[in-house]
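Visitor: No sequence on hand, only this structure:
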């Protein structure tokens, strides 16, 4: 397994409120996390870093190998606990009132990937024959599209495009979407904040991720493309590549 995380402030915002991490367990599986904070400096960055740090610390305590069912249970429980931590912190620190964060995470094992998310940070998974978004944005505009009230084209320029319906830390409890997907050598995945997907379409994402460039170069190219398109938001990507034995030996 090869994993790269990279984050960039973008061209407009003065601070980076995104956070990301990838951690390997003693069992050999991985936890990959991307969070996009909201609430302004000294709030959004606090929320996203708290979420990532919380999951990372809990990950260190895991002693047994996951099955898909236990991976899903762990992610939901840990998301909910992280949510409460952030919510309580905001209640106790007035400068962080109203802060929150999106969160998308993947447990990556040899035969499966378990995804959990809250908000509009996304996960994509591809293989030799397909590439698709696996998460549904928890945003007002996405809900309007799903219910047929506006079209995909109308959603692109909608004035309330950035309004979230779910985020960690804004309420005492949160609903977490979770799913498990089969995984094998040759597979690849992208976790990212909306600073990327608001600027780079899915066809371009797939083209970059199928290129012969290294994972580090792919991550940088995605960030460069988002910045070239305006870079109004922070941009964070986490790339995962399930190498074959031949590739591992290169």
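Guide: Everything's here; your move. Note that the coordinates shown come from a computational prediction; the quantities given were computed from them, not determined experimentally. Numbers count the residues shown, from 1 in each chain.
Visitor: what about residue 211, neighbour count?
Guide: By the criterion of other CB atoms under 10 Å, residue 211 has 11 neighbours. Using the backbone N, CA and C atoms, a C-beta is placed for each residue, glycine as well.
Visitor: Excluding chain neighbours, what is closest to it?
Guide: With CB to CB, 6 or more residues apart in numbering as the criterion, residue 211 has its nearest non-adjacent residue at 6.4 Å, and that residue is residue 218.
Visitor: So that neighbour: helix, strand or coil?
Guide: Classification of residue 218 by DSSP: H, G, I helix; E, B strand; the rest coil places it in helix.
Visitor: Quick check: it touching residue 206?
Guide: No - judged on CB atoms under 8 Å, residue 218 makes no contact with residue 206 at a distance of 11.2 Å.
Visitor: in the longest helix seen in the chain, what's buried?
Guide: If you go by DSSP state H, the chain has its longest helix at helix 68-92. Buried residues in helix 68-92, counting neighbours by 16 or more other CB atoms under 10 Å, are found at 68, 71-72, 74-76, 78-80, 82-87, 90.
Visitor: for stretch 47-61, same thing?
Guide: Using 16+ other CB under 10 Å as the test for burial, stretch 47-61 gives 47, 48, 49, 50, 51, 52, 53, 54, 55, 59.
Visitor: Tell me the one among these nearest to residue 164.
Guide: residue 47 (12.3 Å; CB to CB).
Visitor: Pull up the pairing partners for the helix or strand containing residue 34, direction included.
Guide: Using DSSP states H and E, residue 34 falls within strand 30-38. When pairing is defined by DSSP bridges, strand 30-38 lines up against strand 18-24 (antiparallel), strand 100-108 (antiparallel).
Visitor: tell me the angle it makes with helix 68-92.
Guide: 30 degrees (axes from the mean of the first three to the mean of the last three CA atoms, to 10 degrees).
Visitor: And the next helix or strand after strand 30-38, what does it pack against?
Guide: Downstream of strand 30-38, the first helix or strand assigned by DSSP H and E is helix 44-59. When contacts are defined as 3 or more CB pairs under 8 Å, 6 or more residues apart in numbering; DSSP states H and E, helix 44-59 sits against strand 18-24, strand 30-38, helix 68-92, strand 100-108.
Visitor: is it possible to export these to a markdown table including distance to residue 150 and mean pLDDT?
Guide: Formatted as a markdown table, the helices and strands packed on helix 44-59 follow (distance: least, CB to CB, whole Å; pLDDT from 0 to 100):
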| stretch | distance to residue 150 | mean pLDDT |
| --- | --- | --- |
| strand 18-24 | 27 | 96 |
| strand 30-38 | 23 | 97 |
| helix 68-92 | 29 | 96 |
| strand 100-108 | 22 | 97 |
